[in-house]
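S.K.: Predicted coordinates and the sequence they were generated for:
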Amino acid sequence: MEIFLGFVLLSFNGYHSVIGTDDFYHDTFPNDFLWGVATSSYQIEGAWNEGGKSEHIWDRFSHDNNNWHNDTGDIACDSYHKYMEDIQLIRSLGVDFYRFSIAWTRIIPDPIAYRTGRNKSLNQPGVNYYNNVINELIKYNIKPLVTLYHWDLPQSLQEKIGGWNGSDIVDYYNDYADAAFKTFGDRVKHWITFNEPWVICWMGHGSAEYAPGIKEPSVTPYRCGHHIIKSHAKAYDTYKHRYKTTQKGIVGITMNSDTMHPKNEINQEHIDAAERGQQFMLGWFAHPIYKDGDYPKVMKDNIGDRLPKFTPQEIALNNGSFDFFGLNHYTTVLVEPAKKEFGFPGDLRLQLSRDPSWTGSGSYWLKVVPWGFRDMLNWIKKEYNNPKVIITENGITDNNGTTNDPHRIYYYRQYINQLLKAIKQDGCNVFGYTAWCLLDTFEWNRGFHEKFGLHSTDFSDPARPRTPKRSAAAYTEIVNQNGFPPVGTSTTASSSSSDVQNLIMLILLCVSFFCILNE
Ligand code: PNW
């Protein structure tokens, strides 16, 4: 009897994976689904001191030799001069939108002079540059999806008001956001206030891996997060009251999150640890904006007085300050409970690891775990009442930039297939997807060593020529077909073989229940 039941259970596992997580699912996305591709200002533009642009914290961090091989974004992909060519690449991908970011320092080089009224005008060459990009995109019917802040804080604000660690930043950010809405909002209808506050606050102010390179894990990441949430909510409010009725755009924030998966799936302490990890990584920013205006309870409990407090007015302003939920997702981690040192990430009281069997990439942290993407989307659906989600980044690295990149094609097909299941089978409300990245770029402290591009960039050539990789064509095929429609005989064969398997399983289950009843 045991042997028989064991066989049934083994078959049940196989059955589950066939209809559930691992099977390739053939269907198309909803008709109005949006496909896009992304970059960010410092990673591609170069021209770091041209056109009246001032220094920002990533210029400083790079010039202080903090990156791999002392690489900098001084020239990067030179998109400041080559944006027309880039827009042709975007066009040939066939996507609906292009996500890029505006460099604050190009349009307001001296934010203190701007705020105090000493200089109330925007920097015209910077405004012209983004006007040119936006107009060129619109000419080809490509929607601009604009990130206001992708990590390039004006250096003057870092030095004079303490950057994200100081409370005055909220008003400076609002000046900048207001100027961008006013200047570009006649044509830009999709705005992202911040890219990845978790990375800004932890990697910039806790671990010091990213600019501004502050290593103060006990309080500074939390103060940074507090000011970012307040800045986001205020900018959202500015748009709502000053621009929304005339411009009719939508505003959200983009958060990054790994999927936190219990290392031991049947151990309650591991399950609790994974939930805690998810609340600290995604909930830190999503809970105040998408749930109830305040931090997750587990953060308040574990961090105590080191976590800043919102006033009732701030809670009201945070709560619901969104038109959509932006998610950057790349990978999954395994979680188990642990006693850790004081401060972030010790406050999470957990240990992270990665399954050695997971396929790797050109980045130590990025393992290929497609099913984790579907889990993440379902967690968001459950936790935040199924908001309208747009995937604003997803992609994979290698270190050689080869144009023959089957690993990238595999990654995109598998991850996008899990997204399709989340939408069609689980009812997750996702309305768009963005591949990261349009081309090989300056990858922050990893310099030019880690490459995410659908196009390669030759950084040894001053002309920075771009070449499409095979993954660019593969992504275009997905975009053109709006997913993975059933094709030809192979699909029919595989679905009929799984039909047979399902039937066998059903019979086995009936027999086993019959045996149990008779025992
Ligand atoms: C994001 N992590 O950064 C950024 O938005 C992009 O600019 C960047 O190029 C891309 O993802 C790849 O790194 C992340 O360590 C940096 O978990 C680090 C992590 C996640 C995202």
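M.R.: Yep, it's here. As the structure is a computational prediction, the values presented were derived from the model and not from experiment.

S.K.: What is the burial count for Tyr364?
M.R.: Tyr364 has 10 neighbours, counted by other CB atoms under 10 Å. Bear in mind the C-beta positions are built from the backbone N, C-alpha and C, glycine included.

S.K.: ok, so what distance separates it from Asn328?
M.R.: Distance, Tyr364 to Asn328, using CB to CB, to the nearest Å: 18 Å.

S.K.: next one: Ile87
M.R.: For Ile87 relative to Asn328 (CB to CB), the value is 23 Å.

S.K.: mind listing the helices for the stretch 401-519 of the chain?
M.R.: With DSSP state H, counting those that start in this stretch as the criterion, the stretch 401-519 of the chain has helices at 406-424, 470-481, 488-518.

S.K.: Please work out the average pLDDT along the last one.
M.R.: I take that to be helix 488-518. Mean pLDDT, helix 488-518: 45.

S.K.: go on, the second one?
M.R.: Mean pLDDT, computed over helix 470-481, is 98.

S.K.: Give me the phi and psi angles of the residue nearest in space to the middle of the chain.
M.R.: The structure's the chain has its C-alpha centroid closest to Asn328; by CA atoms, centre = their mean the separation is 1.5 Å. Note on Asn328: backbone dihedrals following degrees, to the nearest 10 are phi -100, psi 120.

S.K.: Pass me the low-pLDDT residue ranges in this structure, would you?
M.R.: Residue ranges of the chain with pLDDT under 70: 1-22, 488-519.

S.K.: Domain-wise, how is this structure divided?
M.R.: Per automatic domain parsing, the domain ranges recorded for the chain read 1-26+485-519, 27-484.

S.K.: Would you mind finding the most buried of those domains?
M.R.: The highest mean neighbour count among the domains of the chain, using mean count of other CB atoms under 10 Å, belongs to domain 27-484: a mean of 20.

S.K.: Just the CA atoms of stretch 182-200, as PDB, please.
M.R.: Output of stretch 182-200 as PDB, limited to C-alpha atoms (Å, rounded to 0.1, in the frame of the first residue of the first chain):
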ATOM      1  CA  LYS A 182       5.500  71.100 -16.700                       C
ATOM      2  CA  THR A 183       8.100  70.900 -19.400                       C
ATOM      3  CA  PHE A 184       7.600  67.400 -20.900                       C
ATOM      4  CA  GLY A 185       4.100  66.400 -19.600                       C
ATOM      5  CA  ASP A 186       2.300  67.500 -22.800                       C
ATOM      6  CA  ARG A 187       3.900  64.500 -24.400                       C
ATOM      7  CA  VAL A 188       4.900  62.200 -21.600                       C
ATOM      8  CA  LYS A 189       1.900  60.300 -20.100                       C
ATOM      9  CA  HIS A 190       3.700  57.700 -18.000                       C
ATOM     10  CA  TRP A 191       5.900  58.900 -15.100                       C
ATOM     11  CA  ILE A 192       8.000  56.900 -12.600                       C
ATOM     12  CA  THR A 193       9.100  59.000  -9.600                       C
ATOM     13  CA  PHE A 194      11.900  56.700  -8.400                       C
ATOM     14  CA  ASN A 195      13.800  53.700  -9.600                       C
ATOM     15  CA  GLU A 196      14.500  51.200  -6.900                       C
ATOM     16  CA  PRO A 197      14.500  53.000  -3.500                       C
ATOM     17  CA  TRP A 198      15.800  49.800  -1.900                       C
ATOM     18  CA  VAL A 199      19.000  49.900  -4.000                       C
ATOM     19  CA  ILE A 200      19.400  53.700  -3.400                       C
END
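
S.K.: Can you show me the helices along the stretch 101-250 of the chain?
M.R.: Applying DSSP H, counting those that start in this stretch to the stretch 101-250 of the chain gives helices spanning 104-107, 111-116, 124-139, 155-161, 169-184, 197-198, 204-205, 220-238, 244-247.

S.K.: Please state the offset of the fifth one from the chain centre?
M.R.: Shown here is helix 169-184, whose average C-alpha point lies 22 Å from the average C-alpha point of the whole chain (CA atoms, centre = their mean, to the nearest Å).

S.K.: From the contact counts, what lies against it?
M.R.: Counting contacts by 3 or more CB pairs under 8 Å, 6 or more residues apart in numbering; DSSP states H and E, helix 169-184 packs against helix 104-107, helix 111-116, helix 124-139, strand 143-149, helix 155-161, strand 190-195, helix 220-238.

S.K.: Nearest to Gly213, out of the ones you listed?
M.R.: helix 155-161 (10.1 Å; CB to CB).

S.K.: Only alpha carbons, please: show the closest one as PDB.
M.R.: Output of helix 155-161 as PDB, limited to C-alpha atoms (Å, rounded to 0.1, in the frame of the first residue of the first chain):
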ATOM      1  CA  GLN A 155      26.300  66.500  -6.000                       C
ATOM      2  CA  SER A 156      25.500  69.900  -4.500                       C
ATOM      3  CA  LEU A 157      22.500  68.500  -2.700                       C
ATOM      4  CA  GLN A 158      24.600  65.600  -1.300                       C
ATOM      5  CA  GLU A 159      27.100  68.100   0.100                       C
ATOM      6  CA  LYS A 160      24.900  70.900   1.200                       C
ATOM      7  CA  ILE A 161      21.700  69.200   2.500                       C
END
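
S.K.: And the contacts of it?
M.R.: With CB atoms under 8 Å, 6 or more residues apart in numbering as the test, helix 155-161 has contacts from 54-57, 59-60, 110-112, 163, 168-169, 172, 212.

S.K.: Determine which two of these are furthest apart.
M.R.: Asp59 and Asp168 (21.7 Å).

S.K.: what residues does the stretch 351-500 of the chain put near the ligand?
M.R.: Within the stretch 351-500 of the chain, the positions adjacent to the ligand are Trp365, Glu393, Trp436, Glu443 by CB under 6 Å from any ligand atom.

S.K.: distance of Gly304 from the ligand?
M.R.: Relative to the ligand, Gly304 is positioned 26 Å away (CB to the nearest ligand atom, to the nearest Å).

S.K.: Kindly report the same for Gln124.
M.R.: Computed as CB to the nearest ligand atom, the Gln124 to the ligand distance reads 28 Å.

S.K.: What sits closest to that residue if chain neighbours are left out?
M.R.: Leaving aside its sequence neighbours, Gln124 sits nearest to Gly52 (CB to CB, 6 or more residues apart in numbering; 7.7 Å).

S.K.: Looks like that neighbour contacts Ile108 (just checking).
M.R.: No. The criterion here is CB atoms under 8 Å, and Gly52 misses it with Ile108 at 10.3 Å.

S.K.: any shared contact partners between those two?
M.R.: In contact with both Gly52 and Ile108: Asn123, using CB under 8 Å, 6+ apart.

S.K.: ok, Arg223 - contacts?
M.R.: Trp164, Asn165, His205, Pro308.

S.K.: rerun at 7 Å
M.R.: Asn165, Pro308 (CB atoms under 7 Å, 6 or more residues apart in numbering).

S.K.: Phe184 too?
M.R.: Phe184 is in contact with Tyr130, Ile134, Val146, counting by CB under 7 Å, 6+ apart.

S.K.: pretty sure the first one is touching Ala103, no?
M.R.: The reference is to Tyr130. No. With contacts counted by CB atoms under 7 Å, Tyr130 stays clear of Ala103, the gap being 8.8 Å.

S.K.: got CSV for the helices of the stretch 101-250 of the chain, with distance to Ser92 too?
M.R.: Converted to CSV, the helices of the stretch 101-250 of the chain look like this (distance: least, CB to CB, whole Å):
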stretch, distance to Ser92
helix 104-107, 27
helix 111-116, 38
helix 124-139, 14
helix 155-161, 37
helix 169-184, 25
helix 197-198, 33
helix 204-205, 35
helix 220-238, 34
helix 244-247, 30
